[in-house]
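**Q** Okay, structure incoming, though there's no sequence with it:
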């Protein structure tokens, strides 16, 4: 008899936790739902003074008109082209830099970490003129490569630090065992460090994708022809053409948000640490099986 109240209390606690999570999720999803509903309102109507919960079916024509008003399909292709090169380059170079920092001797490692933190404090505006002159001398102005080239430097020192913190937690015994098996630095990075840093790689990929997808300043600085414009520039042009058509602007916002949301929903299940993967590697390299995390 005494176990029955205990089971009820545990069930009540689980129900309360579920309701709390549902409320928090709804709090974050409510603005996204409002943007979607607002994008489906009939064209020409002013913004609704109250929150509308149900979308109108006739509003799907707004998306057709959106692609007819501005060359959104071409701008979408340009943005995806930039992402196709910038995101893998960011993951590659940031992981190289973070792995090199993790393997450095302590005095040099401290200096590199301090330098990375100081670089994070440099205002982005201080880099505009330098990058413009560099890209101009390289003949990259008005090409998508001017938007991709910063990925060669890891895009941001924050991504480098993320990899550094991850690689620093790898057991030294694992790396030494791989070295005794004849693995070089590149093999250590590719076969040992990167498989165990998969959550960090996915996090950096999502952050880099979001950064390049929403970047408006760089295309305005380095692109000249309309054929090379990316999606953020197209949305800015659309706003300047008709800043009062709220339905069309909200439809453009949905098009802008959708790829980032889909990418996060697809990858979020992989962002947890894979303990089985780590046990497989430690067994292969003769480790103890105890994780670095």
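**A** Perfect, thanks for sending it. Note that this is a predicted model, so its numbers are computed, not measured. Residues are numbered from 1 along each chain as shown.

**Q** nearest residue to residue 235 other than its sequence neighbours?
**A** Spatial nearest neighbour of residue 235, chain neighbours left out: residue 252 (5.0 Å); criterion: C-beta to C-beta, 6 or more residues apart in numbering. From N, CA and C alone the C-beta is placed, and that goes for glycine too.

**Q** Now the one you found: which helix or strand?
**A** Per DSSP states H and E, residue 252 falls inside helix 246-267.

**Q** which other residues reach that helix?
**A** Under the criterion C-beta atoms under 8 Å, 6 or more residues apart in numbering, residues 32, 35-36, 38-47, 59, 62-63, 65-66, 69, 72, 76, 202, 205-206, 209-210, 213-214, 231-232, 234-235, 238-239, 242-243 lie in contact with helix 246-267.

**Q** Show me the shaky parts of the stretch 51-200 of the chain.
**A** Along the stretch 51-200 of the chain, the model assigns pLDDT under 70 to residues 51-58.

**Q** and the next element down the chain from the host helix or strand of residue 77?
**A** Here residue 77 sits within helix 72-103, counting by DSSP H and E. On the C-terminal side of helix 72-103, the nearest following helix or strand under DSSP H and E is helix 106-120.

**Q** buried ones in whichever helix or strand comes after that following helix?
**A** Later in the chain than helix 106-120, the nearest helix or strand by DSSP H and E is helix 125-137. For helix 125-137, a neighbour-count test (16 or more other C-beta atoms under 10 Å) marks 131, 135 as buried.

**Q** can you check stretch 178-193 too?
**A** Residues of stretch 178-193 classed as buried by neighbour count (16+ other C-beta under 10 Å): 178, 183, 188, 189, 192, 193.

**Q** circling back to that earlier point, now find how far off-centre the helix holding residue 252 is within its chain.
**A** With C-alpha atoms, centre = their mean, to the nearest Å as the basis, the distance from the averaged C-alpha position of helix 246-267 to the chain average is 14 Å.

**Q** now that helix and helix 72-103, what's the angle there?
**A** If you take axes from the mean of the first three to the mean of the last three C-alpha atoms, to 10 degrees, helix 246-267 sits at 40 degrees to helix 72-103.

**Q** next helix or strand past the helix ranked longest in the chain?
**A** As assigned by DSSP state H, the longest helix anywhere in the chain is helix 3-39. Sequence-wise, the next helix or strand downstream of helix 3-39 (DSSP H and E) is helix 61-69.

**Q** Give me the contacts around that following helix.
**A** 39-41, 43, 72-73, 238, 241, 247-248, 251-252, 254-255.

**Q** Now for residue 102: which residues touch it?
**A** 109, 163, 164, 167, 168, 170.

**Q** Look up how far residue 166 lies from it.
**A** 8 Å (C-beta to C-beta, to the nearest Å).

**Q** With residue 16 instead?
**A** To residue 166, residue 16 is 35 Å away according to C-beta to C-beta.

**Q** Tell me the spacing between the residue nearest to residue 235 and residue 191.
**A** Distance of residue 252 to residue 191, given as C-beta to C-beta: 44 Å.

**Q** Then residue 13?
**A** Distance, residue 13 to residue 191, using C-beta to C-beta: 44 Å.

**Q** that older thread, if you look at the buried residues of stretch 178-193, which of them are in helices?
**A** Per DSSP H, the subset of these in helices is residue 178.

**Q** Next, count neighbours for the closest residue to residue 86 other than its chain neighbours.
**A** Distance criterion C-beta to C-beta, 6+ apart; nearest residue to residue 86, sequence neighbours excluded, is residue 151 at 4.2 Å. Residue 151 has 24 neighbours, counted by other C-beta atoms under 10 Å.

**Q** show me what contacts residue 151?
**A** Listed by C-beta under 8 Å, 6+ apart, the contact set of residue 151 reads 85, 86, 87, 89, 90, 93, 208, 212.

**Q** Tell me the spacing between the closest residue to the fourth one other than its chain neighbours and residue 208.
**A** Excluding the flanking residues, the one nearest residue 89 by C-beta to C-beta, 6+ apart is residue 151, at 3.8 Å. When distances are taken as C-beta to C-beta, residue 151 and residue 208 turn out to be 7 Å apart.
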